[in-house]
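Novice: I'd like to go over a predicted model; first the sequence, then the structure.
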Amino acid sequence: MDIVVTGATGFLGRHVTHALETAGHAVLSVTRETSPAERSVRLRRADFVFHLAGVNRPDDPAEFTVGNVDLTELIATELLSYNPVPVVFASSTQAVEANPYGMSKRAAEDVLAVYGERAESRVHLYRLPNLFGKWGRPFYNSAVATFCHQIARGETVTVHDPERVLTLAHVDDVVASFLDALSTDVGLYPSVPTHTIGLLDVVRTLEAFEAMRTSRGVPDLSDPFTKQLYSTYTSYLPRERILTPLVMHRDARGSFTEFLKTPDRGQVSINVARPGITKGEHWHDTKHEQFLVVSGEGVIRLRPVGGGEVMTFHVSGETLEVVAIPAGYVHNIENVGTTDLVTVMWVNEPFDPVHPDTYAETVDMREVMEGGETR
């Protein structure tokens, strides 16, 4: 389909354009730089129109009428005269409010509602709440964008109205509904998923994300809104914070580096063993580990505490396999190759130096029975 997107370079327009092009549609962009003549050409060619352009922060309130009402009338007139195709309009929840912005959005809705009746074509008026997501302009598009920008840069955040409650919609959810409207009659006033949260709670959540990043933590992302907010926050990280150096605990045997630590999903670490080196030779009461060798050649050995069969697993970065280390099993990992052995290790609880839950013992029972020293 050939689809006109007005306001194509704006926050919402940019996301819609990307989604449409990804789906294989041809996007006919209309921006402030598009001449009236070229706008007319594109409207007459369109199979569908996403009217997303508008004014929300003018220097002169009169611009609300020009940017929201007059532009919509021009588009509706052009389509009605030459190309009566379906239209999606990005309105606002403020369309029911008695303020200049809300009244201009409501007037634009009325124009399109009349157009739909006369053109006998579908019109979908989305009364959108505050949107958030990547690519938002701080200090312009939304408070979420502003807070993300400030907290990611260590700047002071000022909340002027801590009692204020926000109704938010993630831009990806809005875009998904827009794309549904291409082939489905979603109604005159379609709804999108929304989330209600206090302004101060947004700040506290974002600050918690920052604290977790600093400590190599990861938040609980089982809640869809939290996951969307976390992804949004990370999209505002400045260049100097994209790369994070880790603390590598090195010795003659190799190194051990903590990558991610979570309170409820455990810890991920990277272990490097030099050729001929054996690491481990211990067991845990409650810790369950999983080892994944990603480079080099190694042997992982384990047996139940107190004796029993020694299980041996040959592992290699050439064939990715996960070896589970159950709680109560003595285990080690030996580098039998000629290059460093690199292992990704996951454990079901983060390391606690006060309660390490690690007990030295060799896998080889002969050393245990002969009183040999553990390694």
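Specialist: Perfect, thanks for sending it.

Novice: where do the helices sit along this structure?
Specialist: With DSSP state H as the criterion, the chain has helices at 11-22, 36-45, 62-64, 71-82, 100-119, 143-152, 171-181, 199-214, 224-234, 365-369.

Novice: Of those helices, which stretch is the most buried?
Specialist: helix 143-152 (a mean of 22; mean count of other Cβ atoms under 10 Å). For glycine as for every other residue, the C-beta is placed from the backbone atoms N, C-alpha and C.

Novice: picking that back up, and the helices of the chain, which one's lowest on average pLDDT?
Specialist: Mean pLDDT per stretch puts helix 365-369 lowest among the helices of the chain, at a mean of 67.

Novice: Can you name the residues bridging to residue 197?
Specialist: residue 166 (DSSP bridges).

Novice: Roughly how far does the most centrally placed residue in the chain sit from residue 132?
Specialist: Centroid check for the chain by Cα atoms, centre = their mean gives residue 231 as the closest residue, at 2.6 Å. Distance, residue 231 to residue 132, by Cβ to Cβ, to the nearest Å: 10 Å.

Novice: returning to what we had before: of all the helices of the chain, which one is nearest residue 319?
Specialist: Nearest of the helices of the chain to residue 319, taken as Cβ to Cβ: helix 365-369 at 29.0 Å.

Novice: mind listing what the closest residue in space to residue 21 that isn't next to it in sequence touches?
Specialist: Excluding the flanking residues, the one nearest residue 21 by Cβ to Cβ, 6 or more residues apart in numbering is residue 27, at 5.7 Å. Residue 27 makes contact with 3, 5, 8, 17, 20-21, according to Cβ atoms under 8 Å, 6 or more residues apart in numbering.

Novice: For residue 133, see how far away residue 27 is.
Specialist: Taken as Cβ to Cβ, the span from residue 27 to residue 133 is 19 Å.

Novice: Settle this for me: residue 64 is touching residue 101, isn't it.
Specialist: Yes - contact criterion Cβ atoms under 8 Å: residue 64 and residue 101 qualify, at 5.7 Å.

Novice: Tell me the bridge partners for residue 324.
Specialist: residue 290.

Novice: can you pull the contacts of it?
Specialist: 288-290.

Novice: Please apply the same query to residue 309.
Specialist: Neighbours of residue 309 in contact, by Cβ under 8 Å, 6+ apart: residue 303.

Novice: Phi, psi for it please.
Specialist: phi -60, psi 140 (degrees, to the nearest 10).

Novice: Could you check how far it is from residue 329?
Specialist: 11 Å.

Novice: Give me the common contacts of these two.
Specialist: residue 303.

Novice: Beta-bridge partners for the closest residue to residue 311 other than its chain neighbours, please?
Specialist: Sequence neighbours aside, residue 302 is the residue nearest to residue 311 in space, at 5.4 Å (criterion: Cβ to Cβ, 6+ apart). Per DSSP bridges, the residues bridged to residue 302 are residue 311, residue 331.

Novice: so residue 302 makes contact with residue 310?
Specialist: Yes - using Cβ under 8 Å, residue 302 is in contact with residue 310, at 7.4 Å.

Novice: more neighbours, the two?
Specialist: residue 302 (24 against 13; other Cβ atoms under 10 Å).

Novice: give the contact list for the more buried one.
Specialist: Residue 302 neighbours (Cβ under 8 Å, 6+ apart): 310-311, 325-326, 329-332, 363.

Novice: change it to 7 Å
Specialist: By Cβ atoms under 7 Å, 6 or more residues apart in numbering, the residues touching residue 302 are 311, 325, 329-331, 363.

Novice: distance of it from residue 115?
Specialist: The value you get for residue 302 to residue 115, if Cβ to Cβ is used, is 72 Å.

Novice: Not including adjacent chain positions, what is the nearest residue to residue 297?
Specialist: Closest to residue 297 by Cβ to Cβ, 6+ apart is residue 337, at 3.3 Å.

Novice: Next one, pLDDT for the closest residue to residue 262 other than its chain neighbours please.
Specialist: Closest residue in space to residue 262, ignoring its immediate chain neighbours: residue 218 at 4.8 Å, by Cβ to Cβ, 6+ apart. Note for residue 218: predicted pLDDT of 91.

Novice: measure residue 218 to residue 267 for me?
Specialist: In terms of Cβ to Cβ, residue 218 sits 10 Å off from residue 267.

Novice: Now list whatever residues contact both of these two.
Specialist: residue 260.

Novice: Verify the stated contact: residue 225 with residue 194.
Specialist: No - taking contacts as Cβ atoms under 7 Å, residue 225 lies outside contact range of residue 194: 9.5 Å.

Novice: got the phi/psi numbers for residue 336?
Specialist: According to degrees, to the nearest 10, residue 336 has phi -110, psi 10.

Novice: Determine the number of other residues adjacent to it.
Specialist: Neighbours around residue 336, by other Cβ under 10 Å: 15.

Novice: for the one 3 residues further on, same thing?
Specialist: The local packing of residue 339 (other Cβ under 10 Å) involves 12 other residues.

Novice: ok, now residue 283?
Specialist: For residue 283, the number of neighbouring residues by other Cβ under 10 Å comes to 23.

Novice: quick one: contacts of stretch 46-63?
Specialist: 1-7, 10, 12-13, 16, 28, 30, 43, 64, 67-68, 71-72, 75, 79, 83, 85-90, 100-101, 140, 178, 182.

Novice: distance of residue 140 from residue 102?
Specialist: In terms of Cβ to Cβ, residue 140 sits 19 Å off from residue 102.

Novice: no, scratch that, I was asking about residue 26
Specialist: 34 Å.

Novice: again with residue 203
Specialist: From residue 203 to residue 102 the distance is 26 Å (Cβ to Cβ).
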